[in-house]
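Q: just coords:
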């Protein structure tokens, strides 16, 4: 009946991690755990985005249950889903990807992106939840993963061998650069591309299933145990599947979905046990501040960082750089090693945005889409 504080905390932890890893003082000096894996494999940074997709899934049954109780018309509910998805997608393309608004930016405007994937995952996961029962949702989630695996392994991209999972030769990379030429993150591929969004929908469905599990009339510790047990099983399956279909964030491989989904289930269980059951909330309050305005935080912090990279400033060696470079060199690099200066910049950026979000939180301003 009350708000699931553990989900706000989980969301806040995730978005804080996202702001931290996305806003380094210098990309040439980053601790390995705070950078993405080069291709196959994973780092802690590679867990952040799937966790966010998973959290969106968890929130779907919780939010829609409230609307069912209020007796909201089904047609109005579907319109809200499509409207919200379109707004999130538009924010990604027209606000984050298009900024700064120059002619060259629009000529080569990137179409995919983080917000766009979130929008599509929310859209399809919501429709699947409203139209199907739990068993069907499980079949769809598993079917998408197996289907994606078979397609990536059995269908060869033109000019490449069947089963090629390299950056250039994977089916997902070929489809992105063929269907969206000049509009991807890199010329050869996009880490949030069209084809790899299919298994990402399964990540959201993992969250949908977890949300429905938490809403069941069961003993609280049974819910925690269930999340931990299923999460452990998913992690094991992900590791085993890694041998045939490597864990890869950019391709969002099926093994990656199972592995990260399993860890997300376990972290959700830990937050639920510690916060909602045991009442250990004092440590978690800063993350609630982040969690209740997560999308707004991501968009605004990303825009500010883009602005820091757009505005020009003179570096210490006299060459032209960006305002981000100037702050990094004058405030941090003068007394810290490059890698620690880069980390300190990122940490201060997180603190700055926590203070800004705290103002909104205390004024009870929650920016919703």
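A: The structure has been received and is ready for your questions. What you see is a predicted model; the values in this text were computed from it and never measured.

Q: wait, doesn't residue 127 sit right on residue 81?
A: Yes - the pair formed by residue 127 and residue 81 meets the contact definition of CB atoms under 8 Å, at 7.0 Å. (Each C-beta comes from the backbone N, C-alpha and C, glycine too.)

Q: and stretch 87-94, which residues are buried?
A: Buried residues in stretch 87-94, counting neighbours by 16 or more other CB atoms under 10 Å, are found at 88-89, 91-93.

Q: can you check stretch 264-284 too?
A: By 16+ other CB under 10 Å, the buried positions in stretch 264-284 come out as 264-276, 284.

Q: Of the buried residues of stretch 87-94, which is the nearest to residue 135?
A: Nearest to residue 135, judged by CB to CB, of the buried residues of stretch 87-94 is residue 88 at 28.9 Å.

Q: what's the helix or strand for the closest one?
A: Residue 88 is part of helix 74-90 when elements are defined by DSSP states H and E.

Q: Quick one: list the elements packing against that helix.
A: Packing contacts for helix 74-90, counted by 3 or more CB pairs under 8 Å, 6 or more residues apart in numbering; DSSP states H and E, involve helix 114-131.

Q: Would you quantify the distance from the nearest residue to residue 208 once chain neighbours are set aside to residue 129?
A: Closest residue to residue 208 apart from its sequence neighbours, by CB to CB, 6 or more residues apart in numbering: residue 57 at 4.4 Å. According to CB to CB, to the nearest Å, residue 57 and residue 129 sit 9 Å apart.

Q: and for the two, which residues touch both?
A: Counting by CB atoms under 8 Å, 6 or more residues apart in numbering, the common neighbours of residue 57 and residue 129 are residue 208.

Q: So the two - more neighbours on which side?
A: Each of residue 57 and residue 129 has its neighbours counted (other CB atoms under 10 Å); residue 57 has more, 29 against 22.

Q: ok, that one touching residue 201?
A: No - with contacts counted by CB under 8 Å, residue 57 stays clear of residue 201, the gap being 9.2 Å.

Q: which neighbours do these two share?
A: 121, 125.

Q: Who has more neighbours out of residue 127 and residue 81?
A: The residue with more neighbours, out of residue 127 and residue 81 and counting by other CB under 10 Å, is residue 81; that gives 20 against 14.

Q: Without its sequence neighbours, what residue ends up closest to the more buried one?
A: The nearest residue in space to residue 81 (CB to CB, 6+ apart) is residue 126, at 4.8 Å.

Q: and the one you found, what pLDDT?
A: pLDDT recorded at residue 126 is 96.

Q: Let's see the pLDDT reported for residue 103.
A: Value listed for residue 103 in the pLDDT field: 76.

Q: With the one 4 residues further on instead?
A: Note on residue 107: pLDDT of 83.

Q: what about it, neighbour count?
A: Residue crowding around residue 107 was assessed by other CB under 10 Å; the count is 9.

Q: next one: residue 172
A: Residue 172: 27 surrounding residues under other CB under 10 Å.

Q: Can you name the element that comes right after the helix or strand encompassing it?
A: Using DSSP H and E, the element containing residue 172 is helix 171-179. With elements assigned by DSSP H and E, the helix or strand that comes after helix 171-179 is helix 197-215.

Q: Please name every helix or strand in contact with that next one.
A: helix 48-69, helix 114-131, helix 134-154, helix 220-242, helix 254-271.

Q: Let's see that with 10 Å instead.
A: Helix 197-215 sits against helix 5-22, helix 48-69, helix 114-131, helix 134-154, helix 171-179, helix 220-242, helix 254-271, with contacts defined as 3 or more CB pairs under 10 Å, 6 or more residues apart in numbering; DSSP states H and E.

Q: What is the distance between that helix and the centre of its chain?
A: Helix 197-215 sits 13 Å away from the centroid of its parent chain (CA atoms, centre = their mean, to the nearest Å).
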